[in-house]
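> Predicted model and sequence below, questions to follow.
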Amino acid sequence: MANNYVVTARNASAEPLVAVSISSIDQEQQVVNEMVVVNAVADALAAVAGVESVIKRKYEQVITNV
């Protein structure tokens, strides 16, 4: 199963200003929980002037071979 995240910063009119797509977080062993990375990106976008809200979405892809 692969998890993809999209973090979108929106202005006061709820229009998207910037979106960051996170498709992989590579680690030899788990050092940082993936949500720590996603939240750090969201916090960085929230600190930008003009950003009123930040939306985080998780997309899961399940591949089944028959």
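That came through fine.
> what about Tyr59, how many neighbours?
Tyr59 has 11 neighbours, counted by other C-beta atoms under 10 Å. (Glycine included, C-beta is placed from N, CA and C.)
> Assumed it was part of a strand.
Yes. The assignment for Tyr59 by DSSP: H, G, I helix; E, B strand; the rest coil puts it in a strand.
> Just the CA trace of the helix or strand hosting Ala42, in PDB.
Under the criterion of DSSP states H and E, Ala42 resides in helix 34-46. Only the C-alpha atoms of helix 34-46 are listed here, as PDB (Å, rounded to 0.1, in the frame of the first residue of the first chain):
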ATOM      1  CA  GLU A  34       5.300  10.200   7.900                       C
ATOM      2  CA  MET A  35       2.700  12.500   9.600                       C
ATOM      3  CA  VAL A  36       5.500  14.500  11.200                       C
ATOM      4  CA  VAL A  37       6.800  15.300   7.700                       C
ATOM      5  CA  VAL A  38       3.300  16.100   6.400                       C
ATOM      6  CA  ASN A  39       2.600  18.400   9.400                       C
ATOM      7  CA  ALA A  40       5.900  20.100   9.000                       C
ATOM      8  CA  VAL A  41       5.000  21.000   5.300                       C
ATOM      9  CA  ALA A  42       1.600  22.200   6.400                       C
ATOM     10  CA  ASP A  43       3.100  24.300   9.200                       C
ATOM     11  CA  ALA A  44       5.600  25.900   6.700                       C
ATOM     12  CA  LEU A  45       2.800  26.800   4.300                       C
ATOM     13  CA  ALA A  46       0.600  28.100   7.200                       C
END
